[in-house]
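In: Predicted model and sequence follow; I will ask about them next.
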Amino acid sequence: MKFSDRILQVKPSPTLEVTALANALKAQGVDVIGFGSGEPDFDTPAFIKEAAIRAIESGKTKYTPVGGIPELKKAVIQKFKRDNSLDYRLNEVTINCGGKHSFYNLMQVILDKGDEVIIPAPYWVSYPPMVLLADGIPVIVETAEENGFKMLPGKLREAVTDKTRAVVVNSPSNPTGAVYTRSEIEEIARVVEDRDIILISDDIYEAIRYGGADFFNLANVSEEIKKKSVVLNGVSKTYAMTGWRIGYMAGDSSIIEQVETLQSQSTSNPASISQWAAVAAISGDQGVVAEMVRAFERRKDIIVGCLNEVPGFSCIDPDGAFYVFPGVERVYAMKGWPRIEEKYRSEFKSSNLSSYLLEQAKVAVVPGIAFGSDNHLRLSFATSDENILSGIKRINAAVQKLM
Ligand SMILES: Cc1ncc(COP(=O)(O)O)c(C=O)c1O
């Protein structure tokens, strides 16, 4: 079968693959502990489910306007006002089938062949493929652990060319948990303020922050910067609603209009029932979110503490999201490491280490190379305290064997 060059340049999402592999092993009866998953392990709160049931029972089961029901658009506008002090009009927001779909749609409507999108690394696995699927070129800007994995303005300046169409900022970040401060966001905005470049703020982990870390958005910098900014968000991570597939976008009305045109010829509207559930989530009692964040924070403290006791691992404390991104370079220098390279034979060390941990420790983690850094692993702590404690103990024992 002949397939398009477009699809052949893209690989399946490695995070979804790790989760599928862990689930397949579990189904065979293997006692695997999974740290791969990018979703809260909590159930969707009851009042949100009830709103969906009410939607079904009252016949809200038909096509909706392409860009979402006005009730949800209004709830999103209220949310931006309430949480971000940002004002948007109805024609400046649109609802998509998940945050991933929002980013995909955006790439499709703003990129032409050869246009560049600047992405700081470590990055969410799906940004570069979605740029490629729109015939664009992902331009990766490296960040350093000693700068908290945040993009320095000087590095951004060096990466900007006449072909730069957009810059992505994801704060809190998947996979590093980095949260940009107000002044860091302002400095990034300053680099591109005089250029025709779109600033993309992926805020999907906005609500999940620790230790009082403040949230500041590119669109908050000034009215001028807001005009150049597109803000992406969704209900997946905040309300444990990954399966409902609702994301949203706010920005210049001309961009929103094009996204809705694309959506009208591709997915049509997001699921009507999920939209009603999202109205309840966004405008309902936000206490459920605080409760989940408290549990994540406790688990973060456990996992960071345990990982820093694993020989050769060093793990910084994330300020947000539900991932840790420990450095494992010192493991690659251990006496037993050549044996691992010999056995698993990936060109990437972090893939070899992940394969070893799956086979030896029965623990599923995602290789850092999937996020653009081969010296790290990513572990999600959206799992129980018991899983964290016994999973990291197993990793510790497996790594001890390499010393
Ligand atoms: C950084 C980032 N942005 C966006 C998304 C999209 O999430 P969803 O499509 O479930 O809304 C994810 C999910 O993993 C993510 O990690």
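Out: Yes, it's here. Numbering: from 1, shown residues only.
In: Just name the shakiest helix or strand of the protein by mean pLDDT.
Out: Least confident helix or strand, the chain: helix 14-27 with a mean of 78, by mean pLDDT, DSSP states H and E.
In: sec struct for K100, please.
Out: Following DSSP: H, G, I helix; E, B strand; the rest coil, the label given to K100 is helix.
In: just to revisit the earlier point, does any part of the least confident helix or strand of the chain sit near the ligand?
Out: No. Helix 14-27 lies apart from the ligand when judged by CB under 6 Å from any ligand atom; the minimum separation is 7.2 Å. In short, each C-beta sits where N, CA and C put it, glycine included.
In: Tell me, how many residues neighbour S85?
Out: 10 (other CB atoms under 10 Å).
In: quick one, domains of this structure?
Out: According to automatic domain parsing, the chain comprises the domains 5-43+288-400, 46-283.
In: the strands in the stretch 1-150 of the chain, which residues?
Out: Taking DSSP state E, counting those that start in this stretch, the strands of the stretch 1-150 of the chain run over residues 33-34, 93-96, 116-121, 137-142.
In: mind giving me a markdown table with those strands and columns for mean pLDDT?
Out: Putting the strands of the stretch 1-150 of the chain into a markdown table (pLDDT from 0 to 100) gives the following:
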| stretch | mean pLDDT |
| --- | --- |
| strand 33-34 | 92 |
| strand 93-96 | 98 |
| strand 116-121 | 98 |
| strand 137-142 | 97 |
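In: ok, the spatially most central residue of the chain - contacts?
Out: Centroid-nearest residue in the chain, with CA atoms, centre = their mean: N174, separated by 4.6 Å. N174 makes contact with 38, 124, 204-205, 321, 323 under the criterion CB atoms under 8 Å, 6 or more residues apart in numbering.
In: Who wins on neighbours among those?
Out: Top of the contacts of N174 by neighbour count (other CB under 10 Å): A321, with 30 neighbours.
In: Contact partners for that one?
Out: A321 is in contact with 172-175, 177, 205, 208, 237, counting by CB under 8 Å, 6+ apart.
In: For the ligand, state which of these is nearest.
Out: Distance ranking of the contacts of A321 against the ligand, using CB to the nearest ligand atom, places N174 first at 3.6 Å.
In: any idea of the pLDDT on the closest one?
Out: The per-residue pLDDT reported for N174 equals 96.
In: quick one: contacts of the lengthiest helix in the chain?
Out: Looking across the chain with DSSP state H, the single longest helix is helix 287-307. With CB under 8 Å, 6+ apart as the test, helix 287-307 has contacts from 40, 42, 45, 47, 207-211, 238-240, 313, 315-318, 322, 324, 326, 379, 381-383, 385, 388-389, 392-393, 395-396.
In: Lowest average pLDDT across the domains of the chain?
Out: Mean pLDDT is lowest for domain 5-43+288-400 among the domains of the chain, at a mean of 92.
In: hang on, the earlier thing: now the least confident helix or strand of the chain: buried residues?
Out: Neighbour-count burial for helix 14-27, counted by 16 or more other CB atoms under 10 Å, picks out 14-15, 18-19, 21-22, 25.
In: residues touching R339, list them.
Out: When contacts are taken as CB under 8 Å, 6+ apart, R339 is in contact with L402.
In: What distance do you get for C97 to the ligand?
Out: Noted for C97: a distance of 8 Å to the ligand, by CB to the nearest ligand atom, to the nearest Å.
In: What parts of the stretch 151-300 of the chain come near the ligand?
Out: 170, 174, 202, 204, 234, 236, 242, 247.
In: okay if I get those as a markdown table plus distance to I53 and secondary structure?
Out: Converted to a markdown table, those look like this (distance: CB to CB, whole Å; DSSP: H, G, I helix; E, B strand; the rest coil):
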| residue | distance to I53 | secondary structure |
| --- | --- | --- |
| N170 | 34 | strand |
| N174 | 31 | coil |
| D202 | 31 | strand |
| I204 | 26 | coil |
| G234 | 21 | strand |
| S236 | 20 | coil |
| T242 | 19 | helix |
| G247 | 22 | strand |
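In: And the furthest pair within those residues?
Out: The span of these, defined through CB to CB, is set by N170 and T242 at 17.0 Å.
In: In terms of neighbours, single out the busier of the two.
Out: For N170 versus T242, neighbours defined as other CB under 10 Å are more numerous around N170 (25 against 17).
In: hang on, the earlier thing: winner for burial among the strands of the stretch 1-150 of the chain?
Out: Burial of the strands of the stretch 1-150 of the chain is given as mean neighbour count (mean count of other CB atoms under 10 Å); strand 93-96 ranks first at a mean of 27.
In: so what does that one touch, helix or strand wise?
Out: Counting contacts by 3 or more CB pairs under 8 Å, 6 or more residues apart in numbering; DSSP states H and E, strand 93-96 is packed against helix 70-84, strand 247-250, helix 253-264.
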